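J.: using only what follows, build the 3D model:
(chains A and B)
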Amino acid sequence: MSKVIEGLLYSRDHEWVKKLNEEEVLIGITAFAANQLGSVVFVDLPEAGDEIVANEDFGAVESVKAASDLVSPVSGEVLEMNEELEGEPELVNEDAFSSWFIKVKLSNSEELDDLLTAEEYKATL
Amino acid sequence: MQETKKTCLHGEHVKLNAKMEVFAGYDMPIVYQTITQEHNAVREDVGMFDVSHMGEFIVKGIEATIFVDNIFTNQITNKESGSVTYGMMCYKNGTIVDDLLVYKVNQEEYLLVVNASNIAKDYAWVVQNTDNFDVTVKNVSEDYEEIALQGPNSEIKMLEILNIDLSNLGFFHFGNFEFKNHSLLISRTGYTGEDGFEIYADSKAILELWQIFIEGFITPCGLGSRDTLRFEAALPLYGHEISDEITPLEAGLKFFTKIDTESNFIGKTALLSQKESGLTRRVVGIELEKRSIPRAGYEVYVGEECIGYITTGYLSVTLGKPIALAMVDRPHTKRETKVEVKIRNKRIPGFVRDKKFLKKKYKTKGA
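T.: This next block holds a predicted model:
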């Protein structure tokens, strides 16, 4: 059974969202998603300044064999991408919950209400 | 919906906790540990693949040689018994039915090894073309199971583990060997760009060999690494670099045809006329200049014009850079041509290059 961390929010597309404050969040993928993908060899992320929209693709996480689209759990502006993942994408497999992908400034914080709690997410696995 | 088939090694894959997927109607291992680890085992040491899903036909009869010669793009009439020849079968219009290996047992008997996904289609095609020939064709795919042992240490492992000395077996040659009470057909062939062997036998023998190889610490490798390995060696895969919409010339496989000789074969006329009028497109290599992964089906652009598509592409495991095989329209097939590959919503810059991504290390001497 893959690890699920309490206190984070989750999307049905296996992303986690961590609230940093009222308007900023970190987004990554869950350990379950990382396990399903196999060894991650490349993470294709938007750049600071790009706009992302809830339920639309914002990048991809890729194993040797396949690319999986990343579906955004929220809307907003990308403040930062995790540059560490460019050189060491395998960090996603080692610890999916500390390997955040992007930091986002929310344009509609009410979207967070549509996300799942740890317990609700666990029930979908 | 047909029932999913299993090879005789299916239980072994499950025991090893392989990630399984249905391929060509068979439930096959995709990866046991990681594709990278399995890939590297074959490049640096040795690895083994269950390729029992491959199809095998036996062609027999006094006209077997002229029959195979007629359906096969490559030369076999002048080959000796015990030789293996790579080539294709073409339709009349020159597009490809399948690629295959032809094992010459003698002038009156051949073993054809075809792709698993094409067994039914190929068998129908081969039989359909027997009309004017004194031959019989038998589909023995269910009786032949197969392990591919691949990598620079394959020969030494065959000696150490099975006590079978293959130092005298030449590249693209085969022989019959005994192991315990089993008879094995072993060829010095493969699909990885490395030295190695393909071993054909019945299910009892193959199961025993697999278990002995596992005990001998041979790395089991799945279809995931089989594809990354064959790709780096620029070996074509049916449905990607070759298909019933692509000719051998477009695929860059003219070397494996006899169109410049007197010999006839089905599709030759069409290929000669295609050669005369000139190709409109060709499979080329592409290398990207920015880290990204060009995957099969992605479009290739020069400016605003879509000039082709990726047939296979990876972040190369051995070379660590994004490379691809692509079907590209002329005149953009020239080396160093600047192109862009559309990856999701981005255009990633790259250039056309040769397909020699990797130096092949076949053992072609000493036989």
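
J.: for the rest of this, base every contact and every neighbour count on C-alpha atoms.
T.: Will do.

J.: how about the residues of the stretch 251-367 of chain B by chain A?
T.: Applying Cα under 8 Å from any Cα of the partner chain, one finds that the stretch 251-367 of chain B approaches chain A through B:292-293, B:314-315, B:344.

J.: my guess is residue A:115 meets residue A:10, correct?
T.: Yes: the pair residue A:115 and residue A:10 passes the contact test of Cα atoms under 8 Å, sitting 5.5 Å apart.

J.: the two: which is more packed in?
T.: residue A:10 (28 against 20; other Cα atoms under 10 Å in any protein chain shown).

J.: quick check: phi and psi at that one.
T.: phi -130, psi 150 (degrees, to the nearest 10).

J.: same thing with residue B:64?
T.: phi -60, psi -40.

J.: ok, now residue A:46?
T.: phi -70, psi 160.

J.: now swap in residue B:162 and tell me
T.: phi -110, psi -10.

J.: for residue B:174, which residues make a bridge with it?
T.: In this entry, residue B:174 is beta-bridged to residue B:187, by DSSP bridges.

J.: and the residues of the stretch 251-367 of chain B next to chain A, which are buried?
T.: B:292-293, B:314-315 (16 or more other Cα atoms under 10 Å in any protein chain shown).

J.: dump those to CSV, plus secondary structure.
T.: Formatted as CSV, those follow (DSSP: H, G, I helix; E, B strand; the rest coil):
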residue, secondary structure
B:292, coil
B:293, coil
B:314, strand
B:315, strand
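
J.: so residue A:113 versus residue A:74, what's the distance?
T.: 10 Å (Cα to Cα, to the nearest Å).

J.: was I right about residue A:67 contacting residue A:44?
T.: No: counting by Cα under 8 Å, residue A:67 does not reach residue A:44; the two are 9.5 Å apart.

J.: quick one: contacts for the residue nearest the centre of chain B?
T.: Geometric centre of chain B, nearest residue: residue B:191, 5.1 Å, by Cα atoms, centre = their mean. By Cα atoms under 8 Å, 6 or more residues apart in numbering or on different chains, residue B:191 lies in contact with B:226, B:229-230, B:235.

J.: do the same with residue B:47
T.: Residue B:47 neighbours (Cα under 8 Å, 6+ apart): B:38, B:41, B:149-151, B:218-221.

J.: swap in residue A:59?
T.: A:43-46, A:69-71, B:344.

J.: can you tell me how far the closest residue to residue A:74 other than its chain neighbours sits from residue B:275?
T.: Closest residue to residue A:74 apart from its sequence neighbours, by Cα to Cα, 6 or more residues apart in numbering or on different chains: residue A:54 at 4.3 Å. The gap separating residue A:54 from residue B:275 is 52 Å, by Cα to Cα.

J.: where do the helices of chain A begin and end?
T.: A:31-37, A:84-87, A:91-94, A:118-124 (DSSP state H).

J.: list the buried residues of the last one.
T.: What it means is helix A:118-124. Buried residues in helix A:118-124 (16+ other Cα under 10 Å): A:118, A:121-122.

J.: please name the bridge partners of the most centrally placed residue in chain A.
T.: The centre of chain A sits closest to residue A:28, judged by Cα atoms, centre = their mean, with a distance of 2.4 Å. Taking DSSP bridges as the rule, residue A:28 bridges to residue A:16.

J.: that one reaches residue A:93, doesn't it?
T.: No: using Cα under 8 Å, residue A:28 is not in contact with residue A:93; the gap is 11.7 Å.

J.: which of the contacts of residue B:191 ranks first by neighbour count?
T.: Top of the contacts of residue B:191 by neighbour count (other Cα under 10 Å): residue B:229, with 25 neighbours.

J.: show me the contacts for the residue in the stretch 151-300 of chain B that chain A sits nearest to.
T.: The nearest approach of the stretch 151-300 of chain B to chain A comes at residue B:224, 6.7 Å away (Cα to the nearest Cα). Taking Cα under 8 Å, 6+ apart as the contact definition, residue B:224 lies against A:65, B:30-31, B:35.

J.: and with 10 Å instead?
T.: A:64-65, B:29-32, B:34-36, B:38-39 (Cα atoms under 10 Å, 6 or more residues apart in numbering or on different chains).

J.: tell me the one of these nearest residue A:38?
T.: residue B:34 (7.2 Å; Cα to Cα).

J.: low pLDDT regions in chain B?
T.: B:1-2, B:365-367 (pLDDT under 70).

J.: returning to what we had before: just the buried members of the contacts of residue A:59?
T.: Buried, going by 16+ other Cα under 10 Å: A:43-46, A:69-71, out of the contacts of residue A:59.

J.: those: which ones sit near chain B?
T.: A:43-44, A:69 (Cα under 10 Å from any Cα of the partner chain).

J.: from the residues you listed, which is closest to residue A:32?
T.: Closest to residue A:32, out of all of those and judged by Cα to Cα, is residue A:69, at 15.4 Å.

J.: show me what that closest one is bridged to.
T.: residue A:60.

J.: look up the pLDDT of it for me, please.
T.: Per-residue pLDDT puts residue A:69 at 95.

J.: write out the residues of chain A neighbouring chain B.
T.: A:36, A:38-39, A:41-44, A:57-60, A:62-67, A:69, A:86.

J.: and with 7 Å instead?
T.: A:39, A:64-65 (Cα under 7 Å from any Cα of the partner chain).

J.: so residue A:113 and residue A:74 - more neighbours on which side?
T.: residue A:74 (26 against 9).

J.: now do that one, the pLDDT please.
T.: 97.

J.: contacts only, for the closest residue to residue B:31 other than its chain neighbours.
T.: Excluding the flanking residues, the one nearest residue B:31 by Cα to Cα, 6+ apart is residue B:222, at 4.5 Å. Residues in contact with residue B:222 (Cα atoms under 7 Å, 6 or more residues apart in numbering or on different chains) are B:29-32, B:49.

J.: tell me which entries of those residues lie within strands.
T.: B:29-31, B:49 (DSSP state E).

J.: where does chain A dip in pLDDT?
T.: A:1.

J.: for it, just list every one of the strands.
T.: Under DSSP E, chain A gives strands at A:9-10, A:15-19, A:24-29, A:40-44, A:51-52, A:57-63, A:67-71, A:76-81, A:102-106.

J.: do the stretch 151-300 of chain B as well
T.: Per DSSP state E, counting those that start in this stretch, the stretch 151-300 of chain B carries strands over the ranges B:174-179, B:182-187, B:196-201, B:219-221, B:281-288, B:299-302.
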